[in-house]
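> I'd like to go over a predicted model; first the sequence, then the structure.
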Amino acid sequence: MKYRRLGKTELKVSVVGIGTWQFGGDWGKDFTQAEVDEILTHAKGLGINLIDTAECYGPHHMSETFIGDFLTRDRREDWVVASKFGHQFQESWSNAWRVDEVQVQLEQSLRALKTDYIDLYQFHSGSDEVFANDALWTMLDKQVQAGKIRNLGISIGSNDNLFQTERATEFNAKAIQVVYNRINQVPEQEVLPSCLKQDLGVLARVPLASGYLSGKYKPGATFEDNVRKGHARHEIDEKLKLVEHIQQNEVPQGVGMAQWALAWCLQHPAVSCVIPGCKSIEQVESNAQAATLDLVQDDHPSAWN
């Protein structure tokens, strides 16, 4: 495993982390605690140390609760735990952006994660209007001073959102999370250059393009999970045809498509860590191998020496 500095947080993070939306049950599989424990234990053995979760990954903080139960049996200090705020999922999704609502969410996330602090607490894909609320960021800064939050971050909903990215330093946010992958390179235009200028850490989410870049699917494939089954048929076919072209023309022979796709993200000088989801220890193993490819250079600007 290789490690990079997550911007001004000074956190040492593995270049491959674990995204945990799948633990909430939206990706076609319901998890047990034993399965989550197995995945996270195996990830740690491979050198992975960053877990990204959120308040609304599954009802009633389900993903966070799975992670928290695991952490009670592991060394909390070995992990960089990133979570988010702004939504809640009880029986259905809803927004919760008022200052008092976010304070409640923070306490609920801390209880679910069974920890005294969150390493990176991220504004979760909200509008510019709710983002530009000085009272919200003042309250969050107080939570940083109290030690409940180690660092603030912004998970931008639109991957060309320069309004929020440009104001990160002003609001004491030290990392940006953004959709970035071989199919979707929009952040390269303005967001990633702004992150480099501000020395912000970058978590690249959806680095396998919701599984399209995993190499498992051919044109004509269908999906049953709650996320991809909502994609229009013509969009699915276009993406799968593009992936087929990429695999035939860009991926070196003998290299797995998924590993190459993750390493492709990591070659950008702004990217600190990719956070693919995983449903099994085999997928964790596959994802971790991306760190060994030549695309992931030791002289990256954020390389931890």
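Perfect, I can see it now.
> What is the burial count for Ala175?
For Ala175, the count of nearby residues is 26 (other CB atoms under 10 Å). The C-beta positions use only the backbone N, C-alpha and C, and glycine is treated the same way.
> Now His300: closest residue in space, sequence neighbours ignored.
Arg4 (6.2 Å; CB to CB, 6 or more residues apart in numbering).
> In contact with the one you found, which residues are there?
With CB atoms under 8 Å, 6 or more residues apart in numbering as the criterion, the residues that contact Arg4 are Lys12, Val13, Val15, Ser272, Cys273, His300, Ser302, Ala303, Trp304.
> correct me, but the fourth one touches Lys8?
No: assessed by CB atoms under 8 Å, Ser272 is found out of contact with Lys8, at 11.2 Å.
> What helices and strands are in contact with the helix or strand of the chain at the bottom of the mean pLDDT ranking?
With mean pLDDT, DSSP states H and E as the measure, the helix or strand of the chain carrying the lowest mean pLDDT is strand 93-95 (a mean of 80). For strand 93-95, the packing partners by 3 or more CB pairs under 8 Å, 6 or more residues apart in numbering; DSSP states H and E come out as strand 87-89.
> Quick one: distance of the strand it packs on to the chain centre.
With CA atoms, centre = their mean, to the nearest Å as the basis, the distance from the averaged C-alpha position of strand 87-89 to the chain average is 17 Å.
> packing partners for that strand?
By contact count (3+ CB pairs under 8 Å, 6+ apart), the secondary structure elements abutting strand 87-89 are strand 93-95.
> Quickly run through the sheet partners of the strand it packs on, with directions.
Paired strands of strand 93-95, with direction, are strand 87-89 (antiparallel) (DSSP bridges).
> Average pLDDT for the strand it pairs with, rounded please.
Per-residue pLDDT over strand 87-89 has a mean of 84.
> do stretch 181-198 as well
Regarding stretch 181-198, the rounded mean pLDDT is 96.
> And for stretch 20-37?
For stretch 20-37, the mean per-residue pLDDT is 86.
> May I have the distance across it, first residue to last?
Using CA to CA, to the nearest Å, one end of stretch 20-37 lies 12 Å from the other.
> Repeat that for stretch 282-300.
Across stretch 282-300, the straight-line distance between its terminal residues is 27 Å, by CA to CA.
> For stretch 184-200, buried residues please.
If you call a residue buried by 16 or more other CB atoms under 10 Å, then stretch 184-200 has these buried ones: Pro187, Val191, Leu192, Ser194, Cys195, Gln198, Leu200.
> and that stretch, how far apart are its ends?
Start to finish, the residues bounding stretch 184-200 are 20 Å apart (CA to CA).
> can you give me how far that stretch is from the chain middle?
Using CA atoms, centre = their mean, the mean C-alpha position of stretch 184-200 is found 16 Å from that of the whole chain.
> Then stretch 176-189?
In terms of CA atoms, centre = their mean, the centre of stretch 176-189 is set 12 Å apart from its chain centre.
> Please name every helix or strand in contact with the helix or strand in which Lys241 is found.
Taking DSSP states H and E as the criterion, Lys241 maps to helix 233-249. Helix 233-249 is packed against no helix or strand, with contacts defined by 3+ CB pairs under 8 Å, 6+ apart.
> mind listing what's buried in it?
Ile236, Lys239, Leu240, Leu242, Val243, Ile246, Gln247.
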